[in-house]
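S.K.: what would the 3D arrangement of this be:
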Amino acid sequence: MKKTASNLKQSLFIYFLIIPVVLFLTACGDVPENSDFTVSNLVDFKLSNYKATEYTFDNVSDYLDNDNLQGNMISVVYSGENGVYARIVSAQTSKGKGVYYLWRAFAKENKALFKSSFTSIPFLMGEYQAQKANRYVLSWFKEKWFFYIECDSSKELESIKMQLVEFFENPKVINESVIDL
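M.R.: The predicted structure follows:
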């Protein structure tokens, strides 16, 4: 009888430990829901108060040096007034493990590999924030999508993320930054 009660307590403890972690992780960043959305759609993404200065397209397999991980990747560098900087990297792969390995590679690059181990469910979803030198970083992956944002301030980081999420929801809407074209 005591053994059953002990096992029940252990099970409840594990259950109550897992629930908050899962709830925390389900709050991971949003990803595009439309099946026709691809990384190339981000060419049309206009960031308020910034101008896109550089576009780089790559294959996930080339970036990770692993031919088994197929997918496309885009990196867009933005410049703003007074030399402010932002960069968005996005990737979409055919398998969830591709974005997970990519996410881990970026976490290692930002010296957040250990921290990211506690903020993810491997191959499913994860998110981390970091600061490297004078740059603020936010990265997340979910399902077959990966996103990485890097900029000069934490306030701008949140603003860029919100604009990106709005773009996922309706990529056909022309945002106000296009008016000056």
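
S.K.: which positions in stretch 160-168 come out as buried?
M.R.: 160-161, 163-164, 167-168 (16 or more other Cβ atoms under 10 Å). Using the backbone N, CA and C atoms, a C-beta is placed for each residue, glycine as well.

S.K.: can you lay out the residues you listed as CSV showing pLDDT and secondary structure?
M.R.: Output for the buried residues of stretch 160-168, formatted as CSV (pLDDT from 0 to 100; DSSP: H, G, I helix; E, B strand; the rest coil):
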residue, pLDDT, secondary structure
160, 95, helix
161, 94, helix
163, 95, helix
164, 94, helix
167, 93, helix
168, 87, helix
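
S.K.: I'd like to know which of these is nearest to residue 140.
M.R.: residue 161 (9.0 Å; Cβ to Cβ).

S.K.: how close does the closest one get to residue 129?
M.R.: Look at residue 161 and residue 129: by Cβ to Cβ, to the nearest Å, they are 10 Å apart.

S.K.: between those two, what contacts are shared?
M.R.: residue 138 (Cβ atoms under 8 Å, 6 or more residues apart in numbering).

S.K.: poorly predicted segments of the chain, please.
M.R.: 1-9, 11-29, 172-181 (pLDDT under 70).

S.K.: try it again with 80
M.R.: Across the chain, residues meeting the criterion (pLDDT under 80) sit at 1-29, 33-35, 171-181.

S.K.: which parts of it are helices?
M.R.: 2-25, 60-64, 96-109, 113-117, 154-169 (DSSP state H).

S.K.: show me what the last one packs onto, helices and strands only.
M.R.: Contacts defined by 3 or more Cβ pairs under 8 Å, 6 or more residues apart in numbering; DSSP states H and E place helix 154-169 against strand 85-93, strand 135-142, strand 145-151.

S.K.: please identify which of these is closest to residue 77.
M.R.: That would be strand 85-93 among those, by Cβ to Cβ, at 5.1 Å.
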